[in-house]
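A.B. asks: Everything below, folded, please.
(chains A and B)
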Amino acid sequence: MKRILIICRKPPYGTSLSREAIDIALACAAFEQDMTLLFLDDGVFQLVKDQQADSINCKNHGKVLSALPLYEVDQIFVDCQSMSKRLITADDLVVPVENLSSEDISALMQKSDVIFNF
Amino acid sequence: MMIFSLLILGAPYSSQSVKTALRFANASIETGNSIYRIFFYHEAVNSGNELLTPPQDEIHIPNEWQAMARDNSIDLVVCIASALKRGVLDSTEADRYEKPASNLAPNFNLSGLGQLIDASVKSDRLITFGP
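C.D. replies: Prediction:
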């Protein structure tokens, strides 16, 4: 089976790319693919708790992400540098994640067959 | 020889992404490679809008894709969820949602993200253009 990596590097709001990347992740889960999600750069903001999306007429993206484990999406990684630069810690997030260094991320990309970069 | 699939995200006429994808697809075919599927997602769904009316001295994006699909039996898939909310509907969806008209160009098909996953699994390379 091919290993699929979905990289989310955009903030949760501003464009619909954040949501559309997660829709691909959910489709991968529905088709039982070997899929990994990686949050990088401003993408780590997508995972932050208590998003008040109503006030800007958007659906709460954090809520969508918090449901990922229900769809058996459990390989969720974050870039620890992106987290620390933005003063975000694991306690601030809506789902359990695993921290990766930039070396780990290179290795993850290398062993992936398909990369979606959003 | 390689089998490619393309994922396109950019809006036609606003971003270069659709035009670059078109050039890439043509070059792939000319060099003996094959294209398994073109998947239009995000703003790129408007590439399948039959009502696009560019000035005559500009490339007509839906026509170019249609010609390529027709001549090389390439599957042009427009993401149904992205398309509906951006007002790109085939006649079935127009009936379903009781809309006065449909506008999906011939040779384009509305379908789900399963087609993108299938393309990524069955092609040697999946190449993303845009947004």
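A.B. asks: how about the strands of the chain, start to end?
C.D. replies: Since you didn't name a chain, this refers to chain A. Remark: strands of chain A, listed N- to C-terminal, are A:3-8, A:34-39, A:76-79, A:98-100, A:114-117; assignment by DSSP state E.
A.B. asks: Oops, wrong one, chain B.
C.D. replies: Taking DSSP E to define them, one finds strands in chain B at B:3-8, B:34-40, B:75-79, B:108-111, B:125-129.
A.B. asks: now A:Asp113: how far from chain B?
C.D. replies: A:Asp113 sits at a distance of 8 Å from chain B (criterion: Cβ to the nearest Cβ, to the nearest Å). Backbone N, C-alpha and C define where each C-beta goes, glycine included.
A.B. asks: Let me see the contact set for that residue.
C.D. replies: When contacts are counted by Cβ atoms under 8 Å, 6 or more residues apart in numbering or on different chains, A:Asp113 is found next to A:Lys2, A:Arg3, A:Ile4.
A.B. asks: Now the buried members of those residues.
C.D. replies: For the contacts of A:Asp113, a burial check counting by 16 or more other Cβ atoms under 10 Å in any protein chain shown picks out A:Ile4.
A.B. asks: okay if I get the contacts of A:Asp113 as JSON lines plus pLDDT and distance to chain B?
C.D. replies: What follows is the contacts of A:Asp113, written out as JSON lines (pLDDT from 0 to 100; distance: Cβ to the nearest Cβ, whole Å):
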{"residue": "A:Lys2", "pLDDT": "95", "distance to chain B": "5"}
{"residue": "A:Arg3", "pLDDT": "97", "distance to chain B": "11"}
{"residue": "A:Ile4", "pLDDT": "97", "distance to chain B": "7"}
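A.B. asks: mind showing which ranges of chain A have poor pLDDT?
C.D. replies: Screening chain A residue by residue with the criterion pLDDT under 70, one finds no matching range.
A.B. asks: Excluding sequence neighbours, find me the nearest residue to the residue of it at minimum distance from chain B.
C.D. replies: Of all residues in chain A, A:Ala27 sits closest to chain B, at 3.6 Å by Cβ to the nearest Cβ. When the adjacent residues along the chain are set aside, A:Ala27 lies closest to B:Leu113, with 3.6 Å between them (Cβ to Cβ, 6 or more residues apart in numbering or on different chains).
A.B. asks: Quickly note the distance from the residue lying farthest from the centre of chain B to B:Asp124.
C.D. replies: Using Cα atoms, centre = their mean, the residue of chain B lying farthest from its centre is B:Glu98. It sits 24.5 Å away. Taking Cβ to Cβ, to the nearest Å as the measure, B:Glu98 and B:Asp124 are separated by 43 Å.
A.B. asks: If the residue nearest the centre of chain B is in a bridge, with which residues?
C.D. replies: When Cα atoms, centre = their mean is applied to chain B, the residue found nearest the centroid is B:Phe40 (4.3 Å). Per DSSP bridges, the residues bridged to B:Phe40 are B:Ile8, B:Val78.
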